[in-house]
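In: Fold the following.
(2 chains)
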There are 2 protein chains.
Amino acid sequence: MKKKYIMAPGPTEVPPEVLAEAAKPVMHHRTPQFRKILTEALENMQYVLGTTRHVYLMASSGTGAMEAAMANTVSAGDKVIVGSIGAFGERWENLAKAYGANIVKLAPEWGYALNPADIKKALDENPDAVGLFIQLNETSTGVYNDIEAIGKLTAGHKALLVVDGISGIGAQPFYMDKWGVDVIVVGSQKGLMIPPGLAFVSCSEKAMKVIEANKTPKFYFDLKRYEKSLTKEKMPDTPWTSAVSLITQLNLALRMIKEETNEKVWERHAKLSKAVREGIKALGLELFAKENPATVLTSVVVPEGVDGKALVKKIRDDYGISMAGGQLKLEGKIFRIGTLGYTDRFDPITGVAAAEMALKELGANIEIGKGVKKTMETLMEQGY
Amino acid sequence: MKKKYIMAPGPTEVPPEVLAEAAKPVMHHRTPQFRKILTEALENMQYVLGTTRHVYLMASSGTGAMEAAMANTVSAGDKVIVGSIGAFGERWENLAKAYGANIVKLAPEWGYALNPADIKKALDENPDAVGLFIQLNETSTGVYNDIEAIGKLTAGHKALLVVDGISGIGAQPFYMDKWGVDVIVVGSQKGLMIPPGLAFVSCSEKAMKVIEANKTPKFYFDLKRYEKSLTKEKMPDTPWTSAVSLITQLNLALRMIKEETNEKVWERHAKLSKAVREGIKALGLELFAKENPATVLTSVVVPEGVDGKALVKKIRDDYGISMAGGQLKLEGKIFRIGTLGYTDRFDPITGVAAAEMALKELGANIEIGKGVKKTMETLMEQGY
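Out: Just a heads-up that it's a prediction; the model follows:
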């Protein structure tokens, strides 16, 4: 028997009571009974996002919601600014290409965040840009962007601020309305603590005007259809068949988040990831994030002489923990310890202990227990 | 306490052991452990579809897979033939409109199937048509199309035969390769006996040539990306995050179908729906389907003097059974008793009994028990 853990930046572990929700009989989606559940879930998503705007819920992975954000706000030939700080920034670029946009790309070295000054310059130089596409948290590098500062820059600009919050929402501070985010994209299998399969989009009034006028061919991800279904007879609905079992799970998970409160959830993630970072540093290892270290995961440079792919494989196959390796140009060069979603104080301890033991077994010069000690101390210093 | 039943043409009831599968801890999708499950599920989908072609699995409702079929085979300005026999035929038309196609529409009166002679004429008159878009089973009317006969007509034609099999697959005879179907679209919450949230597409070689050359903007539903992910290192994968909990459910449900065999599954559905039809006729009620009555559901004309909406509401709220009413122009005029998916001999009996009791309570001239008697006799005559 091997006990299994997920310490990936998604999918994340799902609380047992939320798992059990999916084992209940399936409900029909076009019933008042189901719509009550949908109503509560959508209201709680507004709370999580800090918005009074409607939230559109779709059966898809997060990428589908990213496509919805692109296909509903951009037309072929439009200029867009893509702020890419890693693999998911590249996805914005690929989406913009697929829709025939002219791309102005800002791409700081991986490991760094977008610099608001650079964004201001790009916006000033491109007053015709229709959108700025960025990540709240870039999972591939473990760096987050300062959305609050960036929102102040797009407020007076034509460009919509479109934020991929797939891995960050439910883990780090976010206030859609207060920060002036025009389009936010969310996935289900990260901070929301349910399995993959649901995604969300919410749009500001500024964005809705653009969306209303947009003529790009689309159907399943056409946000006008989602808006229309939400207002029908004052009862919420989805334009296409609702993924009912995932939505009943969502409803329960969101209740748990609301009960804990956004602020406490964010604080928990911040403390847990700090504990991992301090533990890793105490081992003499290098963090990959040079600024704005993520609270959803800690990216660690694989020490020289260790095979990064073998490390992740050992942790997964021998120890039973799914951590993440590096993506694209970081393949084999970093590993990533998730502290996202259904997480508590013993998760960082387990994560750092696994890293220590696996690195030691693969020949790294590690003093067993040193990282874990610091992780524990950091948790206690933070009053966790 | 009220015991709950689903007798809708989707979502359908999910076997308890398949429900329980979703309560297991979430797995990470980029692992050999998960890919084993995905491999088995995709192989069994090939068996269900009667194809040696790859099956593409996506997190979406069936409509998303319909969009994939349209967006990957049609370009703006292309001519397409839409054969519509109900509300889901209209969806093909709406999708074709969204993608700027020129539409030649065949639309027999609702309650009838597509006539292969009419299709032959349309194909002959439109040698430039790139696709014929039809349903295997049209859920809104309870009528199926003769795909085998239609496949013979498109075999020598430029047009691809694109079939929405969302409600029919896993319930009625279907042989993708043998019948010459170029694109088949499937949803998870019907004959496949799992909750909504997954959809499938499989394409013939003829279709893949068109798809390879297609330039319509798309990303999430881009079938080239699905094909690419399937062949990566000879291990299957999905291009976007796999909906792991639904896929583990799928795997178990498909094992159950394979064990029963396609032919036995189809025979079971045929027998159960025949039992409902005979019971309904014995009550003196009129069937809505004038030809090719579906095996997934029985559509019944609401007798004069009865409020069709109140009937469906009573059956749902008082008796606990989700049946379906009529859609679009059939709203309030028909009701539909599903016999789809996880179904056995007592389901038609329950369905007909509920119809009898609710109709009686709403003032119809019904002799209680007459329909159920005929339903039971029909089951026994068929050796069920």
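
In: how about the residues of the stretch 1-150 of chain A that lie near chain B?
Out: Proximity of the stretch 1-150 of chain A to chain B (C-beta under 8 Å from any C-beta of the partner chain) is limited to residues A:4, A:6, A:8, A:10-14, A:19-20, A:22-29, A:31, A:58-64, A:67, A:70-71, A:76, A:94-95, A:98-100. Yep, even glycine has a C-beta here, placed from its N, CA and C like the rest.

In: I only care about those that end up buried; give me the ChimeraX line for that.
Out: To isolate the buried ones among the residues of the stretch 1-150 of chain A next to chain B in ChimeraX, judged by 16 or more other C-beta atoms under 10 Å in any protein chain shown, type:
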select /A:4,6,8,10,11,12,13,14,19,22,23,26,27,28,29,31,58,59,60,61,62,63,64,67,70,71,94,95,98,99
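
In: Out of the residues of the stretch 1-150 of chain A next to chain B, list just those in strands.
Out: Per DSSP state E, strands hold the following members of those: A:6, A:58-59.

In: out of those, which one sits closest to B:Thr39?
Out: Nearest to B:Thr39 out of these is A:Ile6 (C-beta to C-beta; 21.0 Å).

In: Now do the same contact list for the closest one.
Out: Under the criterion of C-beta atoms under 8 Å, 6 or more residues apart in numbering or on different chains, the contact list for A:Ile6 reads A:12-13, A:321-322, A:338, B:25-28.

In: From the ones in strands among the residues of the stretch 1-150 of chain A next to chain B, pick the one nearest chain B.
Out: Here the nearest of those to chain B, counting by C-beta to the nearest C-beta, is A:Ala59; it sits at 4.9 Å.

In: Quick one: residues contacting the nearest residue to that closest one once chain neighbours are set aside.
Out: Nearest residue to A:Ala59, sequence neighbours excluded (C-beta to C-beta, 6 or more residues apart in numbering or on different chains): A:Ala243, at 4.1 Å. Counting by C-beta under 8 Å, 6+ apart, A:Ala243 touches A:59, A:197-198, B:61, B:195-197, B:246.

In: Ramachandran angles for A:Ile257?
Out: Dihedral pair for A:Ile257: phi -70, psi -40, per degrees, to the nearest 10.

In: How many neighbouring residues does A:Val276 have?
Out: If you count neighbours by other C-beta atoms under 10 Å in any protein chain shown, A:Val276 ends up with 30.

In: Please give me every residue in contact with it.
Out: A:298, A:337, A:339, A:348, A:351-352, A:375.

In: Could you rerun that using 10 Å?
Out: A:7, A:287, A:293, A:295, A:297-298, A:300, A:337-339, A:347-349, A:351-352, A:355, A:371, A:374-375, A:378-379 (C-beta atoms under 10 Å, 6 or more residues apart in numbering or on different chains).

In: sorry, back to before: mind listing which of the contacts of A:Ala243 are in helices?
Out: Those of the contacts of A:Ala243 mapping onto helices are B:Leu246, per DSSP state H.

In: B:Ala41: which of the contacts of A:Ala243 is nearest?
Out: B:Leu246 (10.1 Å).

In: now the end-to-end length of stretch A:315-335.
Out: Start and end residues of stretch A:315-335 are separated by 11 Å (C-alpha to C-alpha, to the nearest Å).

In: Over to stretch A:12-21?
Out: 17 Å.

In: tell me the contacts of A:Ala65?
Out: Here A:Ala65 is in contact with A:56-58, A:164-166, A:183-188, A:198-201, A:221, A:223, B:220 (C-beta under 10 Å, 6+ apart).

In: wait, A:Ile166
Out: Taking C-beta under 10 Å, 6+ apart as the test, what A:Ile166 contacts is A:9-10, A:61-63, A:65-66, A:88, A:91, A:135-137, A:139, A:184-192, A:199-200, B:241.

In: which SSE is it in?
Out: For A:Ile166, there is no enclosing helix or strand under DSSP states H and E.

In: List phi and psi for it.
Out: Taking degrees, to the nearest 10 as the convention, A:Ile166 sits at phi -50, psi -50.

In: What does the pLDDT read for it?
Out: Predicted confidence (pLDDT) for A:Ile166: 98.

In: roughly how far apart are the most centrally placed residue in chain A and A:Gln135?
Out: The residue lying closest to the centre of chain A (C-alpha atoms, centre = their mean) is A:Ser167, at 1.1 Å. For A:Ser167, the distance to A:Gln135 (C-beta to C-beta, to the nearest Å) stands at 8 Å.

In: so what sits against both of the two?
Out: With C-beta under 10 Å, 6+ apart as the test, A:Ser167 and A:Gln135 both reach A:88, A:144.

In: closest to A:Ala113 among the contacts of A:Ala243?
Out: A:Leu198 (28.0 Å).

In: Just the endpoints, please. Distance across stretch A:132-148?
Out: This stretch, stretch A:132-148, spans 14 Å end to end (C-alpha to C-alpha).

In: Return the helix or strand harbouring A:Asn44 as PDB; C-alpha atoms alone will do.
Out: Assigning secondary structure by DSSP H and E places A:Asn44 in helix A:32-49. The C-alpha trace of helix A:32-49 is given here as PDB (Å, rounded to 0.1, in the frame of the first residue of the first chain):
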ATOM      1  CA  PRO A  32     -35.800  24.300  -9.800                       C
ATOM      2  CA  GLN A  33     -34.000  21.800  -7.500                       C
ATOM      3  CA  PHE A  34     -30.800  22.000  -9.400                       C
ATOM      4  CA  ARG A  35     -31.100  25.700 -10.100                       C
ATOM      5  CA  LYS A  36     -31.100  26.400  -6.300                       C
ATOM      6  CA  ILE A  37     -27.700  24.800  -6.200                       C
ATOM      7  CA  LEU A  38     -26.500  26.700  -9.200                       C
ATOM      8  CA  THR A  39     -27.700  30.000  -7.700                       C
ATOM      9  CA  GLU A  40     -25.800  29.500  -4.500                       C
ATOM     10  CA  ALA A  41     -22.700  28.400  -6.300                       C
ATOM     11  CA  LEU A  42     -22.700  31.400  -8.700                       C
ATOM     12  CA  GLU A  43     -23.300  33.800  -5.800                       C
ATOM     13  CA  ASN A  44     -20.400  32.300  -3.900                       C
ATOM     14  CA  MET A  45     -18.200  32.600  -7.000                       C
ATOM     15  CA  GLN A  46     -19.000  36.300  -7.000                       C
ATOM     16  CA  TYR A  47     -17.800  36.500  -3.400                       C
ATOM     17  CA  VAL A  48     -14.600  34.600  -4.200                       C
ATOM     18  CA  LEU A  49     -13.900  36.900  -7.200                       C
END
